Structure formats: C-alpha cells, structure tokens
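Here's a sequence, model it:
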Amino acid sequence: MWPVVKSVLAALLGVQNDRQRQHDFSTGKPAVFIIVAVLVTLIFVLLLAGIAIFAAG
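Below is the predicted model:
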C-alpha cells in the first residue's frame with residue numbers, strides 16, 4: 001500500500017518521474033490509485049480547514 005500512497009503523493013505534487021508513472025500504469029489497478037487519491041485529497045482539505053479554523057480562533 002505504501003508504494004501506491006507514495007506514487008499518488010508524488011503525482012499530486014507534480015514530481016513523479018515518467019518511469020514511475022509508466023510502471024504504475026502497467027502494474028497497478030486504477031481503482032486503487034483513484035481511492036487513495038480521493039482519500040489523500042480529503043485528508044489535505046480537512047487539514048487545511050482545520051488550520052483555517054484554528055487560525056481564525
């Protein structure tokens with residue numbers, strides 16, 4: 001599971017290299033990448049919302 005999370009984070013940050021992207025597309029299941037990407041994005045949004053609420057006081 002960690003390689004999928006690592007790949008999704010790299011893709012979201014825009015730092016994933018072409019070789020890794022090709023490897024992901026040839027070996028991974030798309031549904032797993034989609035689910036992990038949605039969860040990572042949700043965690044990111046909730047973290048930003050929490051920081052904003054904390055900063056607003």
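
Quick check: the gap between residue 23 and residue 44.
Using C-beta to C-beta, to the nearest Å, residue 23 is found at 24 Å from residue 44. Backbone N, C-alpha and C define where each C-beta goes, glycine included.

hmm, I was thinking of residue 56
19 Å.

Comparing those two, which shows the higher neighbour count?
The neighbour comparison of residue 56 against residue 44 (other C-beta atoms under 10 Å) goes to residue 44, with 12 against 6.

Is the more buried one within a helix or a strand, and which one?
helix 30-56 (DSSP states H and E).

counting contacts, what elements does that helix pack onto?
If you count contacts as 3 or more C-beta pairs under 8 Å, 6 or more residues apart in numbering; DSSP states H and E, helix 30-56 packs onto helix 2-13.

Quick check: buried residues in the following helix or strand past the helix it packs on?
Following helix 2-13 in sequence order, the next helix or strand is helix 18-27 (DSSP H and E). The neighbour-count criterion (16 or more other C-beta atoms under 10 Å) identifies residue 24 as the buried residues of helix 18-27.

list the helices and strands helix 18-27 packs on?
Short answer (3+ C-beta pairs under 8 Å, 6+ apart): helix 18-27 packs on helix 2-13.

Run the chain-centre distance for the helix it packs on.
Mean-position distance between helix 2-13 and its chain equals 5 Å (C-alpha atoms, centre = their mean, to the nearest Å).

Report the buried residues of it.
4, 7-8, 11.

What is it packed up against?
Using 3+ C-beta pairs under 8 Å, 6+ apart, helix 2-13 is in contact with helix 18-27, helix 30-56.
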